[in-house]
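Chemist: I would like the atomic coordinates for the input below:
(chains A, B and C)
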Amino acid sequence: MIATRRDANDLLLRGSIALARVEAAGIKIDVDYLERTRTEIAAQVKTLTAELRNDKIFSRWRKRYGEKTKIGSREQLGQVLFGDIGLPGGVPTAGSRGTKKERYQCDEEILAQVDLQFVRDWLKCEELKRTNATFLGGISREVCNGFMHPIQNLHLARTYRPSVDHPNGQNFPARDEAMAKLVRTAIIPRRGRIFVEVDFKGAEVGTGACYHKDPVMLDYIKTDAGKMHLDMAAQIFKMRVEKVPKALRNLVKGSFVFAEFYGSWYKNCAPSLWKQAEPEWLAHLARKTGITELGECKLPRDGEFFDPVPGTFEHHVAVIEKDFWGRRFRGYAEWKKSWYADYVKRGYFDMLTGFRCAGVFSKNEAVNYPIQGAAFHCLLWALIELNDWLIRKKMRSLIVGQIHDSMQLDCTEDELPDVLARVVWIITKALPRAWDWIIIPLSVEIEGSRKNWFEKAPLAV
DNA sequence: AAACCGGGCCAC
DNA sequence: AAACGTGGCCCGGTTT
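Modeler: Numbers count the residues shown, from 1 in each chain, chains lettered A, B, ... in the order given. Have a look, this model is predicted:
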């Protein structure tokens, strides 16, 4: 059955009702830990700030800005480092708010190249301040009787994805181990329960394949979806697949494969890969190919195009990109083209889940929205089913959150096996039966902890 | 003082 | 021709 706009409306309504219950349930917070940690971090920030103020770079900063000196100002730091001292690396850009005033770009990537203790300490200090303000502070502000109740929105994103606010429970640190620990330790299950996270494996890649049906992609998905990142890493860095280090595979996954899926291109991917690659990977590539230079990677300007120079990494990535879309994932590329052409002709496009997007969209938007939206709708469908079942069975276990392709549960010990079995059944069996456009196998990853979100580990079903 | 905006950074 | 998609939120800086 093809999903209709009526189906989409029903999903939105039932989804809103289910998410209202998620909001009401709320997530338990270890308030003691939270407030203790906020105090500790504040003390660390104070110490670090005092050290920064003793540095001779800060004297220079102070001399220049006087009363206006603000130690948290990136604009001022950039001016001092790259303007006054004249360190290399800073790029002046146009100022904000239509003013012509130039300022130096001063993000972490640029600052990481400055070999000064002052700058390393400044970055550390800012990260701690940000963690305390955005995440721990954000939770603390919203805690009520030991629970936070983030607002679940289904009507804000152009993609028909969800968003969450007060606080945003979808962007708590995960990748940086230290930051993740600081924040996620505060998220705990109710007394005697287990905090569970159910994750849709490869939700977006799989949903994309349901649109374009690219045979190579389908093959990867049916055998081992992760293999494509390995293959691309091997191709780009001229290694045997078995020799590709995990970190390299992850770099290629993020900075090439997914970037390309979202619509990036070699002019952006090549510098990103080059800058993040370990020296030994680049040395290996140099031995194999003679490539020792990134290349200019100059973006088109005033109608002028700058061809990559053969022998550079830019050129190398351009060639691989051509192979990526012209051979490896040709079916995906052709789908993008015809999908966009159809949209331009009609002025709208429909998702596999029945949602219609009408309006002005760029090519990247028009090909990404339907994938992102429908991928989330799979999770939403499962969340609604699980919620209904929990109510029907008078279970005490609760759904407490959702992050696009995962849901967080707060399960009682006695219900845990049944809940997990049901969730697996809903996603892997009931969902593909309900939506026959799903032509790929669905699988889930389940983790949990009796302590807190950070301590989560795989759970056996 | 409030409103607004850009830059930056967190997640998927 | 176009060129990384979607959000929330913090801070600093500027305008109202």
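Chemist: Could you find the closest non-adjacent residue to the single nearest residue of the stretch 201-350 of chain A relative to DNA strand B?
Modeler: Closest residue of the stretch 201-350 of chain A to DNA strand B, CB to the nearest atom of the strand: residue A:203 (6.9 Å). (Glycine included, C-beta is placed from N, CA and C.) Nearest residue to residue A:203 in three dimensions, chain neighbours excluded: residue A:405, at 3.8 Å (CB to CB, 6 or more residues apart in numbering).
Chemist: count of residues packed around residue A:366?
Modeler: 22 (other CB atoms under 10 Å).
Chemist: can you pull the buried residues of the helix or strand hosting it?
Modeler: For residue A:366, the element it lies in under DSSP states H and E is helix A:363-392. Within helix A:363-392, the residues that qualify as buried by neighbour count (16 or more other CB atoms under 10 Å) are A:365-387, A:389-390.
Chemist: Quick check: chain neighbours aside, which residue is closest to the closest residue to DNA strand B within the stretch 301-450 of chain A?
Modeler: Nearest residue of the stretch 301-450 of chain A to DNA strand B, counting by CB to the nearest atom of the strand: residue A:404, 3.7 Å away. Leaving aside its chain neighbours, residue A:404 sits nearest to residue A:376 (5.5 Å; criterion: CB to CB, 6+ apart).
Chemist: dump the residue contacts of the closest residue to residue A:93 other than its chain neighbours.
Modeler: In space, residue A:93 comes closest to residue A:105 once its chain neighbours are excluded; the distance is 5.3 Å by CB to CB, 6+ apart. Contact analysis of residue A:105 by CB atoms under 8 Å, 6 or more residues apart in numbering lists A:78, A:90-93.
Chemist: pLDDT wise, what is residue A:105 at?
Modeler: Looking at residue A:105, its pLDDT stands at 91.
Chemist: partner strands of the helix or strand bottoming out on mean pLDDT in chain A, parallel or antiparallel?
Modeler: Taking mean pLDDT, DSSP states H and E as the measure, the helix or strand of chain A with the lowest value is strand A:92-93, at a mean of 76. Neighbouring strands of strand A:92-93 in its sheet, by DSSP bridges, are strand A:103-104 (antiparallel).
Chemist: Could you point out the helix or strand that follows the partner strand?
Modeler: That would be, after strand A:103-104 and using DSSP H and E, helix A:108-111.
Chemist: So for the spatially most central residue of chain A, what pLDDT did the model give?
Modeler: The centroid of chain A falls nearest to residue A:171 when counting by CA atoms, centre = their mean (8.1 Å). Confidence at residue A:171, expressed as pLDDT, is 94.
Chemist: got it, and the one 10 residues further on?
Modeler: Among the per-residue scores, residue A:181 shows a pLDDT of 97.
Chemist: Distance-wise, check it relative to residue A:61.
Modeler: As defined by CB to CB, to the nearest Å, residue A:181 lies at a distance of 32 Å from residue A:61.
Chemist: who has more neighbours, the two?
Modeler: For residue A:181 versus residue A:61, the count of surrounding residues by other CB under 10 Å is larger for residue A:61: 23 against 15.
Chemist: Which secondary structure element is home to the more buried one?
Modeler: Judged by DSSP H and E, residue A:61 forms part of helix A:56-65.
Chemist: Buried residues, that helix. List them.
Modeler: Under the neighbour-count criterion of 16+ other CB under 10 Å, helix A:56-65 has A:57-58, A:61 buried.
Chemist: do stretch A:2-17 as well
Modeler: A:3, A:7-8, A:11-12, A:14-15.
Chemist: now swap in stretch A:409-420 and tell me
Modeler: Here stretch A:409-420 shows A:409-412, A:415-416, A:419-420 as buried, counting by 16+ other CB under 10 Å.
Chemist: I'd like those as a markdown table, with distance to residue A:132 and pLDDT appended.
Modeler: Formatted as a markdown table, these follow (distance: CB to CB, whole Å; pLDDT from 0 to 100):
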| residue | distance to residue A:132 | pLDDT |
| --- | --- | --- |
| A:409 | 28 | 98 |
| A:410 | 26 | 98 |
| A:411 | 31 | 98 |
| A:412 | 33 | 98 |
| A:415 | 36 | 98 |
| A:416 | 34 | 98 |
| A:419 | 35 | 98 |
| A:420 | 35 | 97 |
